[in-house]
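> structure for this input, please:
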Amino acid sequence: MRKQIHQKIFWYCCLGIAFMLPVWGKLVPTLIVIFILNWLVSADYIHTIPTLFSNKNRRHTLLFSGLYILYLLGLCYTSDFIYARFDLEVKLSLLIFPLIFSTADIGFLNSKHIRLLMHVYLAGCLVGSLLLLGHAFTLWREGVPGAFYYMKLSWYFHSAYFAMYLNFAMAFIIIELIARFSLRHSTRLSPRVFITYFFLLSWFFVFIFLLSSKMGLICMVLIAVLGAAELIFRRKKTFLGIGLIIVFLMFVRAGLHVFSGTSDRVMQTTEALTGSVPQKTSRSTSDRLDIWKVSLEIIKSNVWIGVGTGDVKDVLIDKYKETGVEEALELKLNAHNQYLQTFVTLGIPGITTLLLMLILPLFSAFRKRNYLYFSFILLFLLNIMVESMFETQAGVVWYAFFNIILFSSGSNRFTV
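Predicted structure coming up:
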């Protein structure tokens, strides 16, 4: 009875985190604290910690905390302990979720639980987008220009983060539709569920255009292409797959025509990358290119162990000042690329660990045909090319939570 109560609390905390991440992230730490307290009181770890070295699944789950351990070791050669403490607090989910999931009894988790969790996440994405839209409507009534576009729309989240959230939701819906399409009639989606999925896909599609996240658009197209490839090459639905991808690309083209602000950002980025116009016409892209150049210069001088957990921000700011990257200096920006950010901070051990914790699960998920986990890792792997997502709660908790729960449920043989 006591064990069942702790499992229910564990599960309700998971559902709460999945719902609140795209709605109101400030409530997520409270849920995580309840999650930790429940784990401590349940005392499953008394029985499971001794089995960590003999149980491969538990051991592999715990290995995801390796990057956080390296950040702790980075304290040994840092001087700014104030920023180091803040940085470690932000990244704490990278330690908490692997530790709890590797030492808790989660044998009750199965595919039905994951589908329920994802449905709750879909609801969270819908509610979150409606809240952003309501705020934008308020701004519009006050006469604020561009209220329904880009950062003014995504006032509480960075637009790239919320677009990533929505893309993951779309990936789940597409995977569900493809999987259920090939099943026998009795297990296919009901008309009501199909209509709901279609509405959510359409809504998230439009919202990503409004968010005007360039990587968000790229990921959305990639998800659709992968879905079509699954239909064509594995399900042998060639005409259906080709037809759907053609229709989707037509809608993308229409979206770029209707949402002119998004189209302008895409064009400016293309022009900035090709050097066909002055960089000032695409400020965000040119700033990133300058920041990346600065980060690479720092890496060349600190390739082996990096600059340390606490000194990374100071080193970047000093380099911005030295090289004249004014926008990044004024806003005290990070590297806007998690690979570079980790490399600057922890050197070769850090970037190696980061790559392994992304690439190995990616190939494992693909080999096991765990397409939801594969899509999740792929989305994160691409998005951290343009954002340092381990430097904010919105990025690190989203990754740490979904990564560990999808990985654990894919190898759900954890029993006490």
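> ok, how many other residues are close to F239?
Look at F239: counted by other Cβ atoms under 10 Å, it has 9 neighbours. Using the backbone N, CA and C atoms, a C-beta is placed for each residue, glycine as well.
> sec struct for L189, please.
Recorded secondary structure, L189: coil (DSSP: H, G, I helix; E, B strand; the rest coil).
> I figured it was touching Y197, is that so?
Yes: using Cβ atoms under 8 Å, L189 is in contact with Y197, at 7.2 Å.
> higher neighbour count, these two?
Y197 (19 against 16).
> can I assume that one is in contact with E176?
Yes: using Cβ under 8 Å, Y197 is in contact with E176, at 6.8 Å.
> now for the two: what residues contact both?
Listed as contacting both Y197 and E176 by Cβ atoms under 8 Å, 6 or more residues apart in numbering are L189.
> still on that earlier bit, any common contacting residues for L189 and Y197?
E176, L177.
> list the buried residues of stretch 219-229.
Across stretch 219-229, burial judged by 16 or more other Cβ atoms under 10 Å covers C219, M220, L222, I223, A224, L226, G227, A228.
> okay, those residues in JSON lines with pLDDT and secondary structure next?
Putting these into JSON lines (pLDDT from 0 to 100; DSSP: H, G, I helix; E, B strand; the rest coil) gives the following:
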{"residue": "C219", "pLDDT": "95", "secondary structure": "helix"}
{"residue": "M220", "pLDDT": "95", "secondary structure": "helix"}
{"residue": "L222", "pLDDT": "95", "secondary structure": "helix"}
{"residue": "I223", "pLDDT": "95", "secondary structure": "helix"}
{"residue": "A224", "pLDDT": "94", "secondary structure": "helix"}
{"residue": "L226", "pLDDT": "93", "secondary structure": "helix"}
{"residue": "G227", "pLDDT": "93", "secondary structure": "helix"}
{"residue": "A228", "pLDDT": "92", "secondary structure": "helix"}
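> out of these, the closest to K91 would be?
Nearest to K91 out of the buried residues of stretch 219-229 is C219 (Cβ to Cβ; 23.5 Å).
> leaving out the residues flanking it, which one is nearest to that closest one?
Of all residues not flanking C219 in the chain, N167 sits nearest, at 4.7 Å (Cβ to Cβ, 6 or more residues apart in numbering).
> what strand or helix carries the one you found?
helix 159-181 (DSSP states H and E).
> can you list the buried residues in that helix?
Going by 16+ other Cβ under 10 Å, helix 159-181 has these buried residues: 159-179.
> counting contacts, what elements does that helix pack onto?
helix 111-141, helix 150-153, helix 191-211, helix 214-229, helix 371-383, helix 393-410 (3 or more Cβ pairs under 8 Å, 6 or more residues apart in numbering; DSSP states H and E).
> I am finished for the moment; much appreciated.
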